[in-house]
Structures are given as structure tokens and as C-alpha cells.
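In: Generate a structure from the sequence data that follows.
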Amino acid sequence: MAELKNEEQFALMREAGLIVARTLELLRGEVKEGVTTARLDALAEDSIRSQGAVPSFKGYGGGHGAPAFPAVICASVNNEIVHGIPGDYALRDGDIVSIDCGAIYQGWHGDSAITVACGEIDPAVAELMRVTEESMWQGIAAIKAGERLNNIGRAIQSYVRTQGMYGIVEGYGGHGIGSQMHMDPMIYNHRTLDRGPKMQVGMALAIEPMLMLGHKQTAELDDGWTVVTRDGSSSAHFEHTVALTEQGLWVTTAFDGGKAELGRLGVPVHP
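Out: From the prediction side, this is the model:
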């Protein structure tokens, strides 16, 4: 069962979302040749804690022999899709890095991800990034009370297929969010036979497509977290947290609440 939130709880999620948005904007400006992913992680932790929040990711998971996540952000470089662990790797001109960030504010979560280019990148990789980000907005635009959850994955896949034969990651996807970071329902980035539950006012969903230049096969590294493309092709990842309110959608991790992008797509937005 999905957790349903009221306006007061959504307002706290908005505060968490803005903390994440400000942190990601800071990190975007720090992506340059020679900067290590560990440096980005340290900046993220300082940013989140200085705004009165707690990082969502640090110490997440673990148990049954699996390691807890050791960092504040996921920093996934080039063929790393998601859950990359920050470390000594120094970014190089031509790299792309997907930065996933979460924060908890007064018990409520915000979760968002961006993919950022370091210097000049291959035009095909730049186009991969554009298609991934736009597919996220197409998925967000499919969120509507009374409609089935699999409309989101259908919208993402339908858009991607108009742009080219990109690999769409399977087995990883979006999720419910609120008083916990990962909650029901699971949100696939592709069509499914299961139509899923009906979406309801009060739901908050994290929409996060991950696309690859190559095929969709993935592998998990020995660190127990980092997911990579099997064929070594580049991957991009974008994510926003979205609240479904009586007044419309509220993208809690976007500075403008989603007004510009959803307005372009003709979708009602929370005032």
C-alpha cells in the first residue's frame, strides 16, 4: 500500500527537496577535470547538514552480509549506471557523472539525480543525457490520479523509442517516497503487463529513468552497490521527487516545482 501524505507533510517534503536541489546545483558547478568524486561527496555532506537535514544515503541498507552504503551521494561515472561509490577517481575531460542525492528533513525525504558533463563530451553522449532527462519529464507528466501506475513506464519507453534504440535499464527504477526513501510502489521505466495500482492524491513518487547507449544488460560490481553496463557503454540517470496533490503535480526537488517543464507539457502544477 502506498503511503498517502497531507499538505503539511508535502510541505516538509518540499523543504527536503529544496535542500537536495541546492546541493545538486552546488555539485554541478564543481564537476571539472581533476575533481575527485570523494570531493563531491564531502561537499554534499556539508551542504545537506548545514541546511538542517541529514543525508538519506549514508549508512543505508546493509545486513545479511551486504554492506551499508558508505557515502552521502551516489557518483556513477561513464558506464556506471547507479549506486557508484565516491572515491579517489579524479574526473577527466569527456567524462559524465550521474550524481544521486537524498536528504531527510524533519523525518521526510527528498531524492533527485542529475547527470553532468565534465568538459567536452561526445555528441552521442550529450544526446543520451538529453533523451534521459526528457524521458523523466514524460514519465512525470503521466502521473494522474485515477490512472494506472504503469502509465509512467509506458510514457518513458514510448518517448525513448521515438529517439533511438537506447538501452532502458531493467530491475532498477523509481519508487514511492515520503517518511522513508524507498517505499511501495516500484515504478518501472518501461511497459509492464501488470497495470499496477491506481495513482491517488497524496502519493509521492520518485521518477528516475536510466538509459544506456548500448544494450540493457547490467552487472553489479564486487562492492555490492555499483551497477554498470555490461558492454561498457555510457549511461545517464535523472530523477525528481513528485507529489500528487489536489491542485496538481508538485515536483518537490525542482526549484520551480516543475512549472516550466510540466507547463510545456500541459500538465496542471501545484500553485
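In: Residue 59 and residue 71 touch, don't they?
Out: No: counting by CB atoms under 8 Å, residue 59 does not reach residue 71; the two are 9.6 Å apart. In short, each C-beta sits where N, CA and C put it, glycine included.
In: who's more crowded, those two?
Out: residue 71 (24 against 13; other CB atoms under 10 Å).
In: and that one, how far is that from residue 191?
Out: Relative to residue 191, residue 71 is positioned 33 Å away (CB to CB, to the nearest Å).
In: Which pLDDT value belongs to the closest residue to residue 258 other than its chain neighbours?
Out: Distances taken as CB to CB, 6 or more residues apart in numbering put residue 251 closest to residue 258, at 3.1 Å, once the chain neighbours are dropped. What the model reports as pLDDT for residue 251 is 98.
In: Number of residues surrounding residue 251?
Out: 26.
In: now it, which residues is it bridged with?
Out: Counting by DSSP bridges, residue 251 is bridged to residue 242.
In: Ok, residue 186 next?
Out: residue 175.
In: List the contacts of it.
Out: 173, 174, 175 (CB atoms under 8 Å, 6 or more residues apart in numbering).
In: With residue 267 instead?
Out: 140, 141, 248, 249.
In: Now with 10 Å, please.
Out: Counting by CB atoms under 10 Å, 6 or more residues apart in numbering, residue 267 touches 137, 140, 141, 142, 143, 144, 248, 249, 258, 259, 261.
In: same check, this time on residue 66
Out: Applying CB under 10 Å, 6+ apart, one finds that residue 66 lies in contact with 224, 225.
In: Quick check: nearest residue in space to residue 10, chain neighbours excluded?
Out: That would be residue 243: by CB to CB, 6+ apart, it lies 4.8 Å from residue 10.
In: ok, that neighbour touching residue 16?
Out: No: using CB atoms under 10 Å, residue 243 is not in contact with residue 16, being 11.2 Å away.
In: Common neighbours of these two, please.
Out: Joint contacts of residue 243 and residue 16 (CB under 10 Å, 6+ apart) are 177, 252.
In: my guess is residue 249 is in a strand, correct?
Out: Yes: under DSSP: H, G, I helix; E, B strand; the rest coil, residue 249 sits within a strand.
In: List the contacts of it.
Out: Counted by CB under 10 Å, 6+ apart, residue 249 has contacts 140-141, 143-144, 205, 242-243, 257-259, 262, 267-270.
In: Recalculate using a threshold of 7 Å.
Out: 140, 143, 242, 258, 262, 267, 268, 269, 270 (CB atoms under 7 Å, 6 or more residues apart in numbering).
In: SS state for the residue lying closest to residue 108 once chain neighbours are set aside?
Out: Closest residue in space to residue 108, ignoring its immediate chain neighbours: residue 12 at 4.2 Å, by CB to CB, 6+ apart. Recorded secondary structure, residue 12: helix (three-state DSSP).
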